[in-house]
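just the structure for this:
(chains A and B)
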Number of protein chains: 2
Amino acid sequence: MTEADFIAALRTLPLHPGARGLTDDTAVVGGLVMTTDTLVEGVHVLSTDPAADVAWKLVATNLSDLAAKGAQVEGILLNLPLSDPVWDRDLLSGLAEVMTAHDVRLIGGDTVSLPPGAARVLTCTAIGRDAAAPPRSGARAGDSLWVTGTIGDAGAGLAIAQGQAGPSSLLAAYRRPQPRLADGRALGPVVHAMMDVSDGLLIDAARMADASGLAVAIDLAAVPLSADYIAFAGDDRLGAATAGDDYQLLFATDRPPPVAATRIGAFAAGAGLSLHADGVAIPLPDRLGWLHDVPSRLR
Amino acid sequence: MTEADFIAALRTLPLHPGARGLTDDTAVVGGLVMTTDTLVEGVHVLSTDPAADVAWKLVATNLSDLAAKGAQVEGILLNLPLSDPVWDRDLLSGLAEVMTAHDVRLIGGDTVSLPPGAARVLTCTAIGRDAAAPPRSGARAGDSLWVTGTIGDAGAGLAIAQGQAGPSSLLAAYRRPQPRLADGRALGPVVHAMMDVSDGLLIDAARMADASGLAVAIDLAAVPLSADYIAFAGDDRLGAATAGDDYQLLFATDRPPPVAATRIGAFAAGAGLSLHADGVAIPLPDRLGWLHDVPSRLR
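Residues are numbered from 1 along each chain as shown, chains lettered A, B, ... in the order given. Next up, the predicted model:
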């Protein structure tokens, strides 16, 4: 069963009205915003990634979903495996770091033993409040598509984590993503649609367009790259836009945004994603980003 | 690192006031009760347990924590692995059964791929509302200790699931526990302390006494056994009281409870757990219930 089939089947279960039909990364229940993400060793993180970085990423990726709803962070629940003492201690140290950095408090959780040799599986559930909660489905024809920060750094960082030589800034982008909480707070009340870029800029933009019932055209030449990325990968904007793990905010608005961001495209009536650069149409790549049904790609 | 060490370390992280110092199975945030539990294949469920039963148990055990707080069920979040198509379909079918049986709605979740051969790890986070939320720490000297239903059936069911011959009712107690939601609603406003029996009657009673700063004495002869249990295991009350997975409600009150339940002990000033039967003191067994640091015991 593909992930899409599985999620389609989940949609046939009784759904909470706050679940938004399972079309969003977050749910809204009783004034609280909720999101949950699971990291699997060997799938979402490398087994060689330091435990402290795994802890950081686990929490930061969930905070990123809260950022995309413009929420204040209320706290987190953690479902963690007991592992070897060194790994456990490093994990706890990374949790302390990310929670202190973003003023996050622990609400609860569960600890479990794993069978010998099992891949570590870690879950974080993040709770937010006071969220404008723009949906991913709210883009309007005529809106521009914007993104914060730079794209592709984490993808390059993954290559570095896997053994290539490269700057530590890119490795940090992969291992220690920075959730855009302040940007999200400023953007939440004024944008029409918002989500974070987790699976890849192109696939996530296509999902926003699809959820909004619109077409989106992206100017690949406008996709913002860091100097370190260009030094590492050259001008590979297509690689950057399909790499994922960026945890930048992607949003639709017809007004200039109140935070630093880059305009990379536009929504129009229709359907689907199209690419262009300097006025020239560019064929879509075979893969727009990370799909769970492509196990060969480590994420 | 033992689970106790790990949880002690988690307590040094910034804690949400609703976390109750991580001394309870649930947290209270913004008027909502939250609880989360993870099931690991080969640890909490057998790899031979049918997927539909795993789904049932995953949700039911979390609902049991809500029941212990006297909460109305608001909904659940699910973190699920993609597995093989047959297992996935059976899992979804079991989810539909347990959610329909207990009027539970899906709020959100996450689906992940696992590396080949990895143990399945499933997490459920349950959200409740309108909870009296009696803590496990509220027992008072002079209170009686009560428990709903019968004890030990699930432990016998585990032996049956592992190959022994025995009645299907006991197997069902292990694979399809029934969260005591209605009992919990009735008890929540009138009891001093409440929790569900998940790791074993003795260890959970000892935890309630410890959290309440009291001693508890349990009359082993009063521990309620089912006819099927006695037919299967004889009068092994100690086995029943240390087996776990019962998901009955354990509560402290100085008044007759408003639901069917059995008085099994009493709280007094002091500390620790003691056992007696028909007026005779009984030594404590080496193991009071399930501990995550005893990996030889499958749960």
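
chain B contacts on the stretch 101-250 of chain A?
A:103-115, A:118-119, A:121, A:123, A:125, A:127, A:129 (Cβ under 8 Å from any Cβ of the partner chain). In short, each C-beta sits where N, CA and C put it, glycine included.

so which of those residues sit within strands?
If you go by DSSP state E, those have A:106-112, A:121, A:123, A:125, A:127, A:129 in strands.

give me the buried positions along the least confident helix or strand in chain A by mean pLDDT.
Least confident helix or strand of chain A, by mean pLDDT, DSSP states H and E, is helix A:3-10 with a mean of 90. Residues of helix A:3-10 classed as buried by neighbour count (16 or more other Cβ atoms under 10 Å in any protein chain shown): A:6-7, A:9-10.

likewise stretch A:69-82?
Residues of stretch A:69-82 classed as buried by neighbour count (16+ other Cβ under 10 Å): A:69-71, A:73-82.

ok, of the residues you listed, which one's closest to residue B:226?
The closest of these to residue B:226 turns out to be residue A:79 (Cβ to Cβ; 32.3 Å).

any idea how far stretch A:237-247 is from the middle of the chain?
Put simply, stretch A:237-247 sits 11 Å off its chain's centre (Cα atoms, centre = their mean, to the nearest Å).

stretch A:19-26 now?
Counting by Cα atoms, centre = their mean, stretch A:19-26 comes out at 15 Å from the chain centroid.

show the buried residues in the residues of the stretch 101-250 of chain A next to chain B.
The buried subset of these - by 16+ other Cβ under 10 Å - is A:104-114, A:118-119, A:121, A:123, A:125, A:127.

residue A:167 touches residue A:228, doesn't it?
Yes: when contacts are counted by Cβ atoms under 8 Å, residue A:167 is listed as touching residue A:228 (4.9 Å).

mind listing what the helix or strand residue A:39 falls within pairs with, with the direction of each?
According to DSSP states H and E, residue A:39 maps onto strand A:32-40. Here strand A:32-40 has these sheet partners by DSSP bridges: strand A:27-29 (antiparallel), strand A:121-129 (antiparallel).

and residue A:209, what does it touch?
Residue A:209 makes contacts with A:139, A:215-216, A:267, A:271-273, as judged by Cβ atoms under 8 Å, 6 or more residues apart in numbering or on different chains.

and the two most separated of the residues you listed?
Pairwise over the contacts of residue A:209, using Cβ to Cβ, the maximum falls at A:139 and A:272, 13.6 Å.

which neighbours do the two share?
In contact with both residue A:139 and residue A:272: A:209, A:216, using Cβ under 8 Å, 6+ apart.

compare these two (neighbour count), which wins?
Neighbour count, other Cβ atoms under 10 Å in any protein chain shown: between residue A:139 and residue A:272, residue A:139 has more, with 29 against 12.

hang on, isn't that one packed against residue A:193?
Yes: the criterion here is Cβ under 8 Å, and residue A:139 meets it with residue A:193 at 4.2 Å.

shared neighbours, those two?
A:208, A:212, A:252.

show me the domain layout of chain A.
Listed by automatic domain parsing, the domain ranges of chain A are A:3-129, A:144-282.

in stretch A:271-290, what's buried?
Judged by neighbour count using 16+ other Cβ under 10 Å, the buried positions of stretch A:271-290 are A:273-275, A:282, A:288-290.
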